[in-house]
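[1] fold the following.
(chains A and B)
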Amino acid sequence: GAGVSQSPRYKVAKRGQDVALRCDPISGHVSLFWYQQALGQGPEFLTYFQNEAQLDKSGLPSDRFFAERPEGSVSTLKIQRTQQEDSAVYLCASSLGLSANQPQHFGDGTRLSIL
Amino acid sequence: DAKTTQPPSMDCAEGRAANLPCNHSTISGNEYVYWYRQIHSQGPQYIIHGLKNNETNEMASLIITEDRKSSTLILPHATLRDTAVYYCIVRVADDYKLSFGAGTTVTVRA
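    Just a heads-up that it's a prediction; the model follows:
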């Protein structure tokens, strides 16, 4: 497929467990973004990569959240010692570049539920 | 940052044109107007964007007023599958963070 792919689509974890969420961006897209969407709310920015460089992590809610994109394509968002407030949909988006004239394209997200 | 104002909800008749308004009275000259929609259990889907001129693609048309203080997204022939939350976003030229507001919940009825 040509779109942004995220896996798993659903993840259930117990409080305290670590989780890893994967994002495959559109081929050739150098910019990659992670957003968090709480129930009934719009997506909120978490972090941004340009190729393999994480240039902005200002939206990460705590140091339990960690993201990487080691080869400039696939990205992983990791949450350590999960807590109930981490329950949300985690969305990945990619774009050709940073220009305001280049849209971000989103995947369908991973719905994370912390028990 | 420029902010947007959208009606919280709208009903549209299947087969008719759906006109979705958005106010962005504080928009700056280099800021784009973007529209996304989010169908239940899916990620936001890019629809269209524009700066000054009206734009049209296979999904929709975007009409921006001459003073750029408001815009209208037009779905020419609404179908039941167009039921979604529609977000109007003003994208600051040097900021890549998309700020989603509450959007408009559009329900297309048969």
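
[2] what are the buried residues along stretch B:94-108?
    By neighbour count on 16 or more other Cβ atoms under 10 Å in any protein chain shown, the buried set for stretch B:94-108 is B:96-101, B:103-106, B:108. C-beta here means a position set from N, CA and C on the backbone, and glycine is covered the same way.

[3] tell me which stretches of chain B form strands.
    B:9-13, B:18-23, B:32-38, B:45-50, B:55-56, B:61-64, B:70-75, B:84-91, B:104-109 (DSSP state E).

[4] now do the third one, average pLDDT.
    Averaging the model's pLDDT scores along strand B:32-38 yields 97.

[5] and for the first one?
    Mean pLDDT, strand B:9-13: 96.

[6] restrict the buried residues of stretch B:94-108 to contacts with chain A.
    Checked against chain A using Cβ under 8 Å from any Cβ of the partner chain, these yield the following neighbours: B:96-101, B:103.

[7] list just the nearest of the residues you listed to B:Tyr87.
    Set against B:Tyr87, the nearest of those by Cβ to Cβ is B:Gly103 (4.3 Å).

[8] A:Pro43 is in contact with that closest one, correct?
    No: the pair B:Gly103 / A:Pro43 is not scored as a contact, 10.7 Å apart, by Cβ atoms under 8 Å.

[9] still on that earlier bit, same list (the strands of chain B) but as JSON lines, adding distance to A:Gly16.
    What follows is the strands of chain B, written out as JSON lines (distance: least, Cβ to Cβ, whole Å):
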{"stretch": "strand B:9-13", "distance to A:Gly16": "40"}
{"stretch": "strand B:18-23", "distance to A:Gly16": "43"}
{"stretch": "strand B:32-38", "distance to A:Gly16": "31"}
{"stretch": "strand B:45-50", "distance to A:Gly16": "35"}
{"stretch": "strand B:55-56", "distance to A:Gly16": "49"}
{"stretch": "strand B:61-64", "distance to A:Gly16": "47"}
{"stretch": "strand B:70-75", "distance to A:Gly16": "44"}
{"stretch": "strand B:84-91", "distance to A:Gly16": "33"}
{"stretch": "strand B:104-109", "distance to A:Gly16": "36"}
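
[10] if anything else comes up later, I'll come back, but that's it for now.
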